[in-house]
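Q: Using only what follows, build the 3D model:
(6 chains)
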There are 6 protein chains.
Amino acid sequence: MIQRIDRFAVELPPPSEPDPDGAAAVQELMGGKFGEMSTFMNYTFQSFNFRGRQGARPFYDLVANIAAEEFGHVELVATAINTMLTGASPTSNGSAQSPLATKNPLADVKGIGNPQHFLAGGQGALPQNSQGRPWNGDYVFCSGDLVEDLTHNFFLETGARNNKLKVYEMVEHPAARALTGYLLVRGGVHQIAYARAIEKLTGADLTKMFPTPRIPTDRIPECKPHIERGDHLRLYRFSPNDYQELAAVFNGPNPETGEALVVVDEAPEGVPPRDLPPQPAVFAPDYAPEEIAEIATKLRQTAGLPSEPTGLVADLKAQTKRSTKKATSRSKGRSSR
Amino acid sequence: MIQRIDRFAVELPPPSEPDPDGAAAVQELMGGKFGEMSTFMNYTFQSFNFRGRQGARPFYDLVANIAAEEFGHVELVATAINTMLTGASPTSNGSAQSPLATKNPLADVKGIGNPQHFLAGGQGALPQNSQGRPWNGDYVFCSGDLVEDLTHNFFLETGARNNKLKVYEMVEHPAARALTGYLLVRGGVHQIAYARAIEKLTGADLTKMFPTPRIPTDRIPECKPHIERGDHLRLYRFSPNDYQELAAVFNGPNPETGEALVVVDEAPEGVPPRDLPPQPAVFAPDYAPEEIAEIATKLRQTAGLPSEPTGLVADLKAQTKRSTKKATSRSKGRSSR
Amino acid sequence: MIQRIDRFAVELPPPSEPDPDGAAAVQELMGGKFGEMSTFMNYTFQSFNFRGRQGARPFYDLVANIAAEEFGHVELVATAINTMLTGASPTSNGSAQSPLATKNPLADVKGIGNPQHFLAGGQGALPQNSQGRPWNGDYVFCSGDLVEDLTHNFFLETGARNNKLKVYEMVEHPAARALTGYLLVRGGVHQIAYARAIEKLTGADLTKMFPTPRIPTDRIPECKPHIERGDHLRLYRFSPNDYQELAAVFNGPNPETGEALVVVDEAPEGVPPRDLPPQPAVFAPDYAPEEIAEIATKLRQTAGLPSEPTGLVADLKAQTKRSTKKATSRSKGRSSR
Amino acid sequence: MIQRIDRFAVELPPPSEPDPDGAAAVQELMGGKFGEMSTFMNYTFQSFNFRGRQGARPFYDLVANIAAEEFGHVELVATAINTMLTGASPTSNGSAQSPLATKNPLADVKGIGNPQHFLAGGQGALPQNSQGRPWNGDYVFCSGDLVEDLTHNFFLETGARNNKLKVYEMVEHPAARALTGYLLVRGGVHQIAYARAIEKLTGADLTKMFPTPRIPTDRIPECKPHIERGDHLRLYRFSPNDYQELAAVFNGPNPETGEALVVVDEAPEGVPPRDLPPQPAVFAPDYAPEEIAEIATKLRQTAGLPSEPTGLVADLKAQTKRSTKKATSRSKGRSSR
Amino acid sequence: MIQRIDRFAVELPPPSEPDPDGAAAVQELMGGKFGEMSTFMNYTFQSFNFRGRQGARPFYDLVANIAAEEFGHVELVATAINTMLTGASPTSNGSAQSPLATKNPLADVKGIGNPQHFLAGGQGALPQNSQGRPWNGDYVFCSGDLVEDLTHNFFLETGARNNKLKVYEMVEHPAARALTGYLLVRGGVHQIAYARAIEKLTGADLTKMFPTPRIPTDRIPECKPHIERGDHLRLYRFSPNDYQELAAVFNGPNPETGEALVVVDEAPEGVPPRDLPPQPAVFAPDYAPEEIAEIATKLRQTAGLPSEPTGLVADLKAQTKRSTKKATSRSKGRSSR
Amino acid sequence: MIQRIDRFAVELPPPSEPDPDGAAAVQELMGGKFGEMSTFMNYTFQSFNFRGRQGARPFYDLVANIAAEEFGHVELVATAINTMLTGASPTSNGSAQSPLATKNPLADVKGIGNPQHFLAGGQGALPQNSQGRPWNGDYVFCSGDLVEDLTHNFFLETGARNNKLKVYEMVEHPAARALTGYLLVRGGVHQIAYARAIEKLTGADLTKMFPTPRIPTDRIPECKPHIERGDHLRLYRFSPNDYQELAAVFNGPNPETGEALVVVDEAPEGVPPRDLPPQPAVFAPDYAPEEIAEIATKLRQTAGLPSEPTGLVADLKAQTKRSTKKATSRSKGRSSR
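A: Presented below is the predicted three-dimensional model:
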């Protein structure tokens, strides 16, 4: 089972200039062979199918726990895409009448980006790659053989870092840059984790392969804050009580920097999501979103809930302010929420 | 983000007679168009892409929260398949020498079931349907239009119940029956939730459509304990702090029984998973799993962890004992763990 | 069996400015999950597989008959695409010599629209969606369970209306607008038909869900003539003798306007198709179409047929003149042909 | 547009011993690369996209008209599959209670045939091939170049005849044999038609290639009645008024027998379909079909329709009696209906 | 088995202005239904599966040998694409530091061409078509029936010539033009070969169908040198000792020109490939290719190999100089290498 | 370019008891994600797209050369499948009349194995996996980044060895066993080659990972003769003149046995293929193969070729006799042919 937490591991910038072509490119990190759906689903299936897990507990815990972090990465990729698509159609109907008050609200995006972002979806992320091809189960490798699965995972993270760098190089939109800067650092940690697991099981030392591909993350501005904060060293434990044995595998020096790897015994505190604005021209969430809001308010009242929405969301307009707290200074509790 | 909890919402029986043909059929509930990967991914993407969620909070909370429960259903389907495949190849090598001590350990499953269960995987679940075709992103509907997405979700749960019943009718293996009995009840609750959401938004009353398809769950032995326990009335909140507004939508009578629907303010307590045994003939998790166990023990020692595995797993052999505690008697805490 | 009638249910405008990007977008209405191939094939398979149809005759007749209308919609989508692609390559070779007289007749469409419109086809429609992905049989739902199939069909028409509106919003080409204006109205009728069928079978009243999505068709200029003519109220019977029981289901008020629904006991009279001009640069129908015409003339003579082509086609250049005859004034016969 | 006629071109036998494995094989003739969906869709798209059709009228008429016949072939393949699946689950519930009165009504077909015939559909045909893979738009060839399209069509019919023979050789069920016997003869006519069209356009004489593949249809018992009736010589015109110029292409001797080819100026009279019985265990059309029948009867009354179903269906049990009327003796009218 | 020869059958021009949109279009000739992967794989599988090949030796030799030539065509298409992509990202990093010295080296190709050329690959060819869809095994036809397979092959070459012409018409890049000019001529020879094989087996004379499609290759500038050299008449034998019986089928006049067809008893001499330059921004072959070169040099030394690379490559910058030697003047040996 | 040699690298046994289910399983090694089409196409594309190859010559040579060997592996897999399918339908028609003399020659394989082996093909191999799904281009990884591509290749060979072992364990047919015994040994060599290449480029030592998966090839009877012959140590150079620098990478000890790796400066001598017999019931190569043989004989005469077929094929019935010549004793020439 999972529990869902309505927070993001990292803050993404608010919507700015829409970038439908960029959003189509970022889809590679969603539904591509090396996208986050792949990392999430690969590790998830490997953990589901793990036989003799009690005897191999440190390895089971590692795979199962990284799977949990990957869900958050899928979420971040979706959010970056949604942010980049915001504003690509008129955000207001110009009058009280209808979305058709603007006669051809999608004319500007004809021939631009992924057409299903507009024709099928409400300017939202799709489980597809940069070519509009759907993610599929053939992207999951789960042989059941532990060393083999780890070898795959090490390779998968390698390929994923390649794709992330390429998207970074292609798309300048702040949301894409913030996303790829973060994912490059976290993907690097997962790559190390799998390399270390192979080492523990076979004795082979993969240290000298790092970084692979040879991405100088320390010189990428959007990676830097995460490195400064120490996120290139930490594996978070994404569970209230389980996956305790991470530290049996994830330890020793970071192969690039020599600094000591650290298991953080809880999930990152995270930040609340932004509430991306309606796009009434594509009926998201309706052509008259205010009517839904009225209904919601009444429903809350009837149910004895507060009259205001209870969910915590970030200020849509506020610029990103990344805290650079060091790992050691993070408080255990979440009382601030 | 998610937190992962290494427990199942419901207990599945231990391995018994292997049933590879049955396991191939159960795959429809995993990677079929109406399988649990579809319900999980549909609601997850809809929640990721939800625009104006603050104004539509009760509906956002509903979709996002059901998505979280669906992860656990994917897990259960995988576990049922793994249980049914256990023992389909020799569980021991007969000697200390090699898996090849048994010359043709997979000869018995040639032409039986899904060949990739054995040729590609370690007798484990695949992200495929009953025909061995991979799940793909085309199975996700996410228009961004709230009423439309809910209409889809109501239909999706309808189709999913059909498939679950059919698998029930085809596969007699205890794990398949326990799985489908449970999923029929829980899927019914989700179907009600979406029907109610449509009703709240449009005024249309779908009550008279229930049950659809017309499955008499109250007469299905494997559904009964869940109905007796009240699980056909409850929506669990799968989050420590979020998705508080479920009760604004999920209320009123169950359209089939007239009993009052209930929001349970936490996830089910669940049960620990069984540790399914190695299948060394297919190298899961290795052809000599005991070597991995030795390594794991040493790693734990080095890391200062307990010498015994810390993860909690159920006794592999113990027969299922379903508690039938009523919802009201469930303790808030989980101190028993 | 079918009989084919070489007429269109509605007139589409003649070719004007070519719009390859727009044509690529309109493909969503052809081969997309919610395109006309899907509506056609879903209802067709449901009618083929209908068990116990005699006992459920009104419902069988409804599904089978709407399937027949959908064929005409597939035809219209193809025609709109073909119209929009006309002129995208030179329509004449500039000399008697060869299509290559113009050295690079497709250079202008490099990187524009669906490349297979030019590289594989003769500037013609493809069974693909807006991303160039082929339609496939997974888009067909046919559970055999009548209520379930109708639920699906209601949802399918809902999604289809979404896509039609989006194409309308994106593509301003007159052919696309004429197409979507017509299809929005006809799709709305089918949506009502399925809602009514569900109501008759279960008692659930879906009236309040209309319109869904909330498209104000009465304010869309290209929908208006069809509404004024009453086409939002009529279900045509597309068979000389069969499917007589439509009226047992399709009756009562239109849920949006309150006007009475009407079964028209024959197919629409329709209009002859335009004969879209050759595109010799892409060898459609040849690089020297006049040679084919010569051969055809001789073949006709040899066969004792008239020397002129017998097929009735519309004047290619004539502007669309929509008759707005009311339903009541339509003559039964087709003597005017 | 089309008009649909609720009759089959040929009579198929009533349900007998169910044959799920055979039904799975027959799917190749439905959704395989060379199945009837392919012939239907290829010629349909070619006719939709035909540029300069007035100048090439005899060829346009040929392609468009054969497309219409192919719809009937898709229908026949579906019917054969449905016939073969009838009875594969219990046709009665053994008691008034529920389909679950029989505890595991699908256990007998576990691991047999196409699992989606039962798990997804109501024992009905699917748009898939013999491997359970969906038909897709890549199977359509439509270059717009007339000679090229005809070359393709000649090849397509060649491949289709191969597949039909193979299914004949594999599946002994009477429905499969009746189907393939008929389709081999009709496919042969289409093959001749395309060969003749190529000959008329280019002068190349393909006569000597026949039969290709070298199937001795005159020695196949299930082909014989169709040959005796002359159906290997006739091209029917499937339209009330259109496609008049078939005879300009389809003439001369049959390349195998030397007999004169004939254009029949109307569709075959056909026979009414059988009403295949409900399969309540798979909820087709419901688990209590008699309730639907009651509703239908009331709806008919309310609508002023006859109290009995108006649709004409064949006696389910009557054995096939093939008339062997010669073409010349076919009456123009259909007064017998 | 094969032996690989690191030479191209024809020289392609050096990189010039990059053309990512053009490269995306040329992919149709790689991974499209009628691309070179299809011709290669079709004939390869037909030769692998050829039953009774000794009795049908001339035909087996023909198919097996053309398969071998097609490998070289796949290679040429890849090379043309790679040539066209060269320079689409900065070829130098501007400094010794990193590829990220140029902050957004792929920004110029956002929304241009096939995104995976950059996001997944190192500006290299993909096994995909012009829409970015992967080549798949459904494009292979291998019935085992010789006449049928040859009919298919004739059609395949026909469709392939269509696609090649279209790419020629769309893409003006010198590499694309050189490629298509060559392939049109060679494809024409294969088309003749299969037509002749059908003629030998059945007696049908396909001569009058040529050229089909009616491409006037003699007027296409990029075809001319190959025709002048006689390459439209020659079938090369791509084997040191095998496939001796080509001449039993491939003989008689070229159906277009009447000149005599010729079997050349060896492979073309060919030209060395160009060594396309690194694209460090996409890490091909690394972000610091010179480090790899250093390692390679050392490895050569250690292995006792020459200090300079032994492979023969063409001068990257040299303009294409097509020799126009007549077939008769080709020397048997390759001493010039 | 390639030259094709009509010999196999290793001898496979003659047809014996047909095994359609086994043949379907072996398809995993053909068209599966880790099948030989994948290894062949991955390395082929990587070599086509290799930028800066002159600077990285030893690595280019390695990849390009292994690609060439993989073609022979695809051929062997096809041959094993064809061998296993031989005899699955009657090999004679029982009379001179027709294949239909046996009324239902494929009835025995209904529901057995891959249906397209019979319905679409002439009992021949397909580019599909064990589930009948076509191989597709998504299985090719070609990042252009050398270290990354090598990492992939190491992983690919790892996964391929897993699949080969599983097929070995499942299928006892002598052809399958001979095939997998050989491929396990050769795949192991390729795995070592890629590991060594990574080591040379990065310094990481993967030696301790071997064997991975932990397959004790030395105890597998069908692997033994190849190991005894030294084929676990040799990399053959599959080119008359090119790929000279293999030895710069492929050297040092075999990580499993410590013996020295060897580059053999030519392709294996190989053995002639068997001429698998016709299967007239499936028209392979015709229903009357002797007619083709007569035609072939005449064609040879007309062309001045020997009256007997020139191709060298092995005696169909002769049992396999594996020579166990040591590498050192292999003669350079092939005069024995």
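Q: For chain A, what lies in contact range of chain F?
A: Within chain A, the positions adjacent to chain F are A:33, A:138, A:141, A:143, A:145, A:147-148, A:151-152, A:154-155, A:158-159, A:162, A:198, A:202-209, A:212-214 by CB under 8 Å from any CB of the partner chain. In short, each C-beta sits where N, CA and C put it, glycine included.
Q: Sort out which of the residues you listed are buried, if you could.
A: A:33, A:138, A:141, A:143, A:145, A:147-148, A:151-152, A:154-155, A:158-159, A:162, A:198, A:202, A:204-207, A:209, A:212-214 (16 or more other CB atoms under 10 Å in any protein chain shown).
Q: out of those, which touch chain B?
A: Near chain B, by the rule CB under 8 Å from any CB, you find A:Asp138, A:Ser143, A:Asp145, A:Val147, A:Glu148 out of these.
Q: Tabulate those (CSV), appending pLDDT, distance to chain D and secondary structure.
A: Formatted as CSV, these follow (pLDDT from 0 to 100; distance: CB to the nearest CB, whole Å; DSSP: H, G, I helix; E, B strand; the rest coil):
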residue, pLDDT, distance to chain D, secondary structure
A:Asp138, 98, 14, helix
A:Ser143, 98, 24, coil
A:Asp145, 98, 27, coil
A:Val147, 98, 33, helix
A:Glu148, 98, 28, helix
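Q: Report the entries of these that also contact chain C.
A: Okay, of these, nothing touches chain C (CB under 8 Å from any CB).
Q: Farthest-apart pair in those residues, please.
A: Largest separation among these by CB to CB: A:Asp138 and A:Val147, giving 21.9 Å.
Q: check the residues of chain A next to chain F against chain E, which are close?
A: Restricting the residues of chain A next to chain F to those near chain E - CB under 8 Å from any CB - leaves A:Lys33, A:Asn162, A:Pro213, A:Arg214.
Q: Out of the ones next to chain B among the buried ones among the residues of chain A next to chain F, which comes closest to C:Ser16?
A: The nearest one, if we look at those relative to C:Ser16 and count by CB to CB, is A:Asp138, at 44.0 Å.
Q: Now do the contacts for that closest one.
A: B:Pro134, F:Lys33, F:Asp138 (CB atoms under 8 Å, 6 or more residues apart in numbering or on different chains).
Q: which residues of the stretch 1-150 of chain A fall in helices?
A: For the stretch 1-150 of chain A, the helices defined by DSSP state H, counting those that start in this stretch cover A:20-26, A:28-31, A:36-48, A:57-85, A:116-119, A:146-170.
Q: and C:Glu290, which of these is closest to it?
A: Per CB to CB, nearest to C:Glu290 of those: helix A:116-119, 39.5 Å.
Q: Next, see if the closest one gets close to chain C.
A: Yes - remark: helix A:116-119 sits within contact range of chain C at A:Gln116, A:Phe118, A:Leu119, by CB under 8 Å from any CB.
Q: contacting residues for the first one?
A: Residues counted as contacts of A:Gln116 (CB under 8 Å, 6+ apart) are A:Leu126, A:Gln128, A:Gly132, C:Glu28, C:Asn129, C:Ser130, C:Gln131.
Q: Recalculate using a threshold of 7 Å.
A: A:Leu126, A:Gly132, C:Ser130, C:Gln131 (CB atoms under 7 Å, 6 or more residues apart in numbering or on different chains).
Q: any low-confidence regions in the stretch 51-200 of chain A?
A: A:92-102 (pLDDT under 70).
Q: which residues touch stretch A:81-94?
A: By CB under 7 Å, 6+ apart, stretch A:81-94 touches A:12, A:15, A:18-20, A:22-23, A:26-27, A:30, A:99, A:101-102, A:105-106, A:109, A:117, A:123-125, A:173, A:175-176, A:276-277, A:279-282, B:49.
Q: Compile the helices of the stretch 1-150 of chain A into TSV and extend it with columns for distance to D:Val167.
A: Output for the helices of the stretch 1-150 of chain A, formatted as TSV (distance: least, CB to CB, whole Å):
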stretch	distance to D:Val167
helix A:20-26	44
helix A:28-31	38
helix A:36-48	37
helix A:57-85	44
helix A:116-119	38
helix A:146-170	41
